[in-house]
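**Student:** kindly return the folded structure for what I paste below:
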Amino acid sequence: MERTRAAIADGNGGFSLETIEVGAPGPGEVLLAVKACGICHTDHASLRWGRPLVMGHEGAGEVVSVGEGVERVRVGDRVVLNWAIPCGECFQCRDGHAVLCETSRPAHVMERSAGHARAEGTTWRGVAVDRSFNIGTMAGLTLVREAAVTLLPEGVPYAVAAIAGCGVMTGYGSVMNAARVSSGATVAVAGCGGVGLNVIQAARIAGASVIVGLDAREGALENARRFGATHTFLMDREDAEFRGAGEYVRGLTDGRGVDFAFEATSVAALAFLPLVLVRDGGMALQVSGINDAVTVAMPRFMWNKRYVTPLYGDCVPERDFPRVFGHYLSGALRLDELVTRTYPLERAAEAMDDMMSGRNAKGVILFD
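**Tutor:** Numbers count the residues shown, from 1 in each chain. Next up, the predicted model:
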């Protein structure tokens, strides 16, 4: 077992920096030295998941050692991690939806309790501890299954790779894989933070003719324009029926509404906002992973509107990561500019606070 520092959520809303022990990789497993870990709103949510766990689900690093049978990477390789780890064999994987894998599990499965698998390869205070999304990247070392890693091309920095592991892929994949936005389409994006900006960028790459960014923060709208929004709208927090937003979007689209409308706010009250912005027969997508109970007036679904909640942009790692990094290396996908600030692990609390206060598009923890 090797010892390393990690951020451990207590399950009750807090976290602390602790020393954990990480085992050697078994068959089909990879031990990784984490070099960068992105900070995401889901990390904040994980503080209250009712059990201790190693935080973090966006990450990139260097392969330290590999277990028996590992073929896709070697010691010293630079890799990015994905948190929706496919088995490649179940119904969903064979059907082309790796994010819905029916058998995904962490390294060294011990047991399943309330739907959560535990990993004996990582221990804290002598007891097995879960890793967030089976990868737990807010730590100096992580032990993962081989299917969790994808090789990084030369020229992709670790910080960029880390945020590509979730926030970028969620936004990009929701446009390219779930919505399949085509050239000339009209798009609206509610929430212009880390995920929303990548929806905007992907819509630009897809050739959308109108891209409307909507947010209640003027600074977020400035970012939206920088990353490709053709129009922006400052939302009124008191407008619970979204009348102003709906009128603005319809005014840009001959009174119809857009072809595709995305929610990327993580605010439960805005989960059904895309239905106000999208035209009849269009697609509304809720991409921020809202889990709270919300209600909606059913007429908002009329007529023939489709409401979709894509997971992780319907990512297939071996297909989509090369596409994302190809766009980055060509200059089409601007990811360096998304990394607002970097931090050492010792300032993880500051990084979380900057994210929750909206000071960062994306914050990244860098490891030595």
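**Student:** OK, contacts around Asp95?
**Tutor:** Not one residue lies near Asp95 by C-beta atoms under 8 Å, 6 or more residues apart in numbering. (Glycine included, C-beta is placed from N, CA and C.)
**Student:** give me the helix or strand of the protein that scores worst on average pLDDT.
**Tutor:** None of the helices or strands of the chain scores lower by mean pLDDT, DSSP states H and E than strand 109-113, at a mean of 39.
**Student:** centre of the chain to the helix or strand encompassing Gly61, how far?
**Tutor:** Assigned by DSSP states H and E, Gly61 belongs to strand 59-66. Taking C-alpha atoms, centre = their mean, to the nearest Å, one finds the center of strand 59-66 at 20 Å from the center of the full chain.
**Student:** helices and strands around that strand, which ones?
**Tutor:** Packing contacts for strand 59-66, counted by 3 or more C-beta pairs under 8 Å, 6 or more residues apart in numbering; DSSP states H and E, involve strand 29-38, strand 78-81, strand 141-145, helix 158-163.
**Student:** and it, which strands flank it?
**Tutor:** Partners of strand 59-66 in the sheet, by DSSP bridges, are strand 29-38 (antiparallel), strand 78-81 (antiparallel).
**Student:** from the chain's centroid, how far away is the longest one?
**Tutor:** The chain centre lies 17 Å from the centre of strand 29-38; the measure is C-alpha atoms, centre = their mean.
**Student:** okay, now the domains of this protein?
**Tutor:** In terms of domains, the chain is parsed into 2-152+335-366, 171-311 (source: automatic domain parsing).
**Student:** lowest mean pLDDT across those, which one is that?
**Tutor:** For these, mean pLDDT drops lowest on domain 2-152+335-366, to a mean of 90.
**Student:** can you give me the end-to-end distance of it?
**Tutor:** Taking C-alpha to C-alpha, to the nearest Å, the first and last residues of domain 2-152+335-366 lie 20 Å apart.
**Student:** do the same with stretch 85-94
**Tutor:** So stretch 85-94: terminal residues 14 Å apart, C-alpha to C-alpha.
**Student:** which residues does it contact?
**Tutor:** 98-105, 134-135, 144-145, 147-148, 316-317.
**Student:** and which of those residues is nearest to Gly59?
**Tutor:** Set against Gly59, the nearest of the contacts of stretch 85-94 by C-beta to C-beta is Ile135 (6.4 Å).
**Student:** that closest one reaches Gly59, doesn't it?
**Tutor:** Yes: with contact defined as C-beta atoms under 8 Å, Ile135 reaches Gly59; the gap is 6.4 Å.
**Student:** find residues that contact each of the two.
**Tutor:** With C-beta under 8 Å, 6+ apart, Ile135 and Gly59 have common neighbours Leu81, Thr142.
**Student:** number of nearby residues for Cys87?
**Tutor:** 16 (other C-beta atoms under 10 Å).
**Student:** using the three-state scheme, assign it.
**Tutor:** Following DSSP: H, G, I helix; E, B strand; the rest coil, we place Cys87 in the coil state.
**Student:** backbone dihedrals for it, please?
**Tutor:** Backbone geometry at Cys87, expressed as degrees, to the nearest 10, gives phi -90, psi -20.
**Student:** more crowded one of Ile135 and Gly59?
**Tutor:** Between Ile135 and Gly59, counted using other C-beta under 10 Å, the more crowded position is Gly59 (34 against 29).
**Student:** show me what that one bridges to in the sheet.
**Tutor:** Beta-bridge partners, per DSSP bridges, of Gly59: Cys37.
**Student:** what ranges do the strands span in the stretch 151-300 of the chain?
**Tutor:** 186-190, 210-215, 231-234, 258-263, 278-286 (DSSP state E, counting those that start in this stretch).
**Student:** okay, these in JSON lines with mean neighbour count next?
**Tutor:** Formatted as JSON lines, the strands of the stretch 151-300 of the chain follow (neighbours: other C-beta atoms under 10 Å):
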{"stretch": "strand 186-190", "mean neighbour count": "31"}
{"stretch": "strand 210-215", "mean neighbour count": "26"}
{"stretch": "strand 231-234", "mean neighbour count": "18"}
{"stretch": "strand 258-263", "mean neighbour count": "29"}
{"stretch": "strand 278-286", "mean neighbour count": "21"}
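**Student:** at which residues are the helices of the stretch 251-368 of the chain located?
**Tutor:** 273-277, 317-330, 348-356 (DSSP state H, counting those that start in this stretch).
**Student:** re the thing from before, among the helices and strands packed on strand 59-66, which is nearest Val276?
**Tutor:** Across the helices and strands packed on strand 59-66, closest to Val276 is helix 158-163 (C-beta to C-beta), at 29.6 Å.
**Student:** show me the contact partners of that closest one.
**Tutor:** 35-38, 58-61, 78, 80, 137, 152, 194, 325, 328, 335-336, 338-339, 342, 362, 364, 366.
**Student:** filter those down to the buried ones, ChimeraX style.
**Tutor:** To isolate in ChimeraX the members of the contacts of helix 158-163 that are buried, counting by 16 or more other C-beta atoms under 10 Å, one can use:
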select :35,36,37,38,58,59,60,61,78,80,137,152,194,325,328,335,338,339,362,364,366
